[in-house]
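Asks: Model the structure of this input:
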Amino acid sequence: MITSQPASYAKKKNYTFEKTLGKGTFGVVRSATHLRPDGSKEPVAVKIISKHLLKGHEETVMREIEMVQSLNHPHIVKLIEWFESKDKFYLVFEEASGGELFERLAKGRFTERVACRTIHVILEAINYMHHHNTVHRDIKPENILYRSQAEDANIVLVDFGIATHLRHQNDTDLHDMCGSIGYAAPEVVAKKYYGKQVDMWGLGVVTFCMLCGFAPFSSADPALFRRQVESAEIKFDQKYWATVSDTGIDFVKRCLTRDPDERITSDEALHHPWFARLQDTQQDDAQDIGAGIRENYRSKWKTTIAAVRATQRFQVVGDVAKAKDEHNDEPPSPLFSDDEDDTFAVSSGVPTPYEEDDTPEFSTRSGLSGLLARLYSFAHGI
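Replies: As a prediction, this is how the structure comes out:
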């Protein structure tokens, strides 16, 4: 018996599929060209998800679609449309081929003003999400991309695979262990209930890395790393922070405050004195602060790329991830455990994306939400 295709499948004829950008547990991401009704062509990235592998949990895809469709902001990735076949979902996203944040910064000099402007743009996107009761839960450099290779290209926040919607503005009833090692807030690491403030912590880690070239937590020992994050003991080594303004350092401290109730909110952050630098055209800002990122990007992380690639994204829970674990008869892997071999990649340097000739890989624990992670960072040459 031949089953007819869903009505929306007719949209597929408008796409010419090209190379594979990434592979995940539930499908692939491919570059494609969209033929618009007016005859013009549009480069896109299509996330293709297997219904068979979802095993009856298609509602997870629909939640992600609804999540991204509900957001309309110039610095948030846009879902152009979606359609389905008998056995697959096709999610069509705008192209963002300009590379990851740190990848771009590592190629040339940048000043604190550039860092300030970049963080302000990301903060605007986070603030928009928070006002729409949405928590991203995975703010990190790999999810901050440039739309094109142009020098003045716009920045866009991607990967809403584990984003979630709060029922009320100030809800703190989330408890899923999800996100990325090195960017997870203390309350997540400590397995406590949390809310939108986890995004501000992630932004704080990104800002810390941008301004000094190192991550705030550096132990290679999982237990010690956990304690460092939970205690939020941040050190500002003068060797790397001497050229950074007091307001820049204060902004980082406000974001990396241990208590989420005391941590700066996105509304408060937009009015932080650090951003006055953007209006002060008389201020001398010629100091290049990019040496740390360039040093780490090009050398220190070469030996840990494989480990980061295998373990960067930690346990993601949800219906689909749980179903996958149950199907494999394997226990879910927690973020931390007391086992000596429960390791993950951390370092004192800024994590780099894959080397240019590396084939992108995803952890098999990434699940559906891992598919869009690093999506556009593989788009060299699109």
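Asks: how far out from the middle of the chain is the helix of greatest length in the chain?
Replies: For the chain, the longest helix by residue count, based on DSSP state H, is helix 112-131. Relative to its chain's centre, helix 112-131 lies at 14 Å (C-alpha atoms, centre = their mean, to the nearest Å).
Asks: can you list the residues that contact the following helix or strand past that helix?
Replies: Proceeding N to C from helix 112-131, the next assigned helix or strand is strand 134-135, under DSSP states H and E. Contact with strand 134-135 is made by 67, 70-71, 129, 163-166, 174, 195-196, 198-199, as judged by C-beta atoms under 8 Å, 6 or more residues apart in numbering. All C-beta atoms are positioned from the backbone trio N, CA, C, and that covers glycine.
Asks: Buried by neighbour count, from these: which ones?
Replies: 67, 71, 129, 163-164, 166, 174, 195-196, 198-199 (16 or more other C-beta atoms under 10 Å).
Asks: Which helix or strand contains residue 89?
Replies: Going by DSSP H and E, residue 89 is in strand 88-94.
Asks: How about residues contacting that strand?
Replies: 11-12, 15, 27, 32, 34, 44-51, 58, 61, 64-65, 77-84, 147, 156, 158, 372, 375.
Asks: quick one: which of the residues you listed sit in strands?
Replies: Judged by DSSP state E, the subset of those located in strands is 15, 27, 32, 34, 44-50, 79-84, 156.
Asks: Quick check on the residues you listed: which are buried?
Replies: 15, 27, 32, 34, 44-50, 79, 82-84, 156.
Asks: which ones among the buried ones among the contacts of strand 134-135 are found in strands?
Replies: Using DSSP E, these in strands are residue 164.
Asks: Compile the buried ones among the contacts of strand 134-135 into a markdown table and extend it with columns for pLDDT and distance to residue 107.
Replies: Output for the buried ones among the contacts of strand 134-135, formatted as a markdown table (pLDDT from 0 to 100; distance: C-beta to C-beta, whole Å):
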| residue | pLDDT | distance to residue 107 |
| --- | --- | --- |
| 67 | 89 | 32 |
| 71 | 95 | 30 |
| 129 | 97 | 29 |
| 163 | 91 | 29 |
| 164 | 91 | 34 |
| 166 | 90 | 38 |
| 174 | 91 | 37 |
| 195 | 95 | 36 |
| 196 | 96 | 33 |
| 198 | 97 | 30 |
| 199 | 98 | 27 |
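Asks: Closest one to residue 182 out of the buried ones among the contacts of strand 134-135, please.
Replies: Using C-beta to C-beta, residue 198 is the member of the buried ones among the contacts of strand 134-135 that lies nearest residue 182, at 13.3 Å.
Asks: How about that closest one: what's its closest non-neighbour residue?
Replies: residue 185 (4.3 Å; C-beta to C-beta, 6 or more residues apart in numbering).
Asks: How about residue 174?
Replies: Counting by C-beta to C-beta, 6+ apart, the residue nearest residue 174 is residue 194, at 5.2 Å.
Asks: With residue 211 instead?
Replies: Residue 211 sits nearest to residue 244 (C-beta to C-beta, 6+ apart), 5.1 Å away.
Asks: what ranges do the helices span in this structure?
Replies: Secondary structure of the chain (DSSP H): helices located at 51-54, 59-69, 101-105, 112-131, 186-189, 197-212, 222-231, 238-241, 246-255, 266-270, 291-295, 305-311, 319-327, 367-370.
Asks: can you redo those as TSV with distance to residue 142?
Replies: What follows is the helices of the chain, written out as TSV (distance: least, C-beta to C-beta, whole Å):
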stretch	distance to residue 142
helix 51-54	24
helix 59-69	18
helix 101-105	8
helix 112-131	13
helix 186-189	18
helix 197-212	10
helix 222-231	19
helix 238-241	22
helix 246-255	18
helix 266-270	21
helix 291-295	14
helix 305-311	10
helix 319-327	20
helix 367-370	11
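Asks: Just the pLDDT at residue 367, thanks.
Replies: We have a pLDDT of 33 for residue 367.
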